[in-house]
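A.B. asks: Next come a sequence and a model predicted from it.
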Amino acid sequence: MRPWRSRPSDRSSYHHGNLKEALIEAARRFIAERGLGGFTLVDAARLVGVSPAALYRHFRGREALLEEVAERGFAELAARLGRALRGPGTPLERFTRMGEAYLAFAEEEPGYYAAIFEARPPVPDGADQPPRPREQDAFSLLVEALRTTFPDGFSGVDPRFIALEVWALSHGLATLAAAGRLPSGPGLPSKYDLLRAGVLALVHGATARRT
């Protein structure tokens with residue numbers, strides 16, 4: 001694995017008064033390259049050319065910085081899902097493209113994607129984990145798309161259940177593909193083909209139960 005070296009543009013970010021944004025970008029890049037376990041505050045400080053102590057002007061610690069990266073990732077994911085939902089085509093086509101946009105995001109933004117599903121904000125002992133607003137936004141888009149695609153519903157089945165199944169399918173495919181565990185080769189479907197088939201099976205199975 002090649003060592004990280006800061007570039008002039010990385011170091012100039014701080015001098016232009018944008019240390020917080022430079023640190024978030026540095027963290028995203030390190031996570032994409034090394035995973036969450038290979039990222040430290042010292043790495044981020046070195047990349048942007050400041051002392052580790054300077055980081056604490058903006059973040060309480062490593063977890064706070066990682067949580068900010070996760071929030072940015074959720075914002076980008078929700079934006080992509082929203083664009084897919086508002087695109088051309090039938091409601092079912094738009095809903096399926098949301099899943100495709102999810103897979104593309106996981107592939108193109110591995111730093112954001114890892115932070116989204118692994119970074120956790122600190123909470124007091126015994127307290128419930130608070131939901132992230134951005135996570136709720138992305139999930140709400142899936143539920144909204146299902147309700148638009150199938151206005152007659154699923155015979156009493158909560159659309160949120162179907163949305164969770166679609167999310168689990170998308171996340172599973174994205175994770176397997178990122179780990180190199182998704183079989184590929186002549187005659188085998190791509191992750192996008194698998195997603196489309198899975199989405200159709202889930203929603204058509206749900207509507208069949210209704211009829």
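C.D. replies: Structure received.

A.B. asks: residue boundaries of the helices in the chain?
C.D. replies: Counting by DSSP state H, the chain has these helices, from start to end: 8-15, 19-34, 41-48, 52-55, 62-85, 91-108, 110-118, 133-149, 159-178, 191-210.

A.B. asks: In CSV, list these along with mean neighbour count, distance to residue 185 and mean pLDDT.
C.D. replies: (Glycine included, C-beta is placed from N, CA and C.) Shown next, in CSV, are these (neighbours: other CB atoms under 10 Å; distance: least, CB to CB, whole Å; pLDDT from 0 to 100):
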stretch, mean neighbour count, distance to residue 185, mean pLDDT
helix 8-15, 14, 40, 45
helix 19-34, 20, 27, 90
helix 41-48, 19, 37, 85
helix 52-55, 15, 46, 82
helix 62-85, 20, 28, 91
helix 91-108, 19, 19, 93
helix 110-118, 21, 23, 90
helix 133-149, 17, 31, 76
helix 159-178, 17, 14, 93
helix 191-210, 16, 13, 84
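
A.B. asks: Quick check: residue 31 touching residue 117?
C.D. replies: No - the pair formed by residue 31 and residue 117 falls short of the contact definition of CB atoms under 8 Å, at 11.4 Å.

A.B. asks: Residue 45 versus residue 150, what's the distance?
C.D. replies: Residue 150 is 50 Å from residue 45, where distance means CB to CB, to the nearest Å.

A.B. asks: Could you measure from the residue positioned nearest the centre of the chain over to residue 181?
C.D. replies: When the chain is reduced to its mean C-alpha position, the nearest residue by CA atoms, centre = their mean turns out to be residue 113, at 4.0 Å. For residue 113, the distance to residue 181 equals 16 Å [CB to CB].

A.B. asks: Check residue 148 too.
C.D. replies: Counting by CB to CB, the gap between residue 148 and residue 181 amounts to 33 Å.
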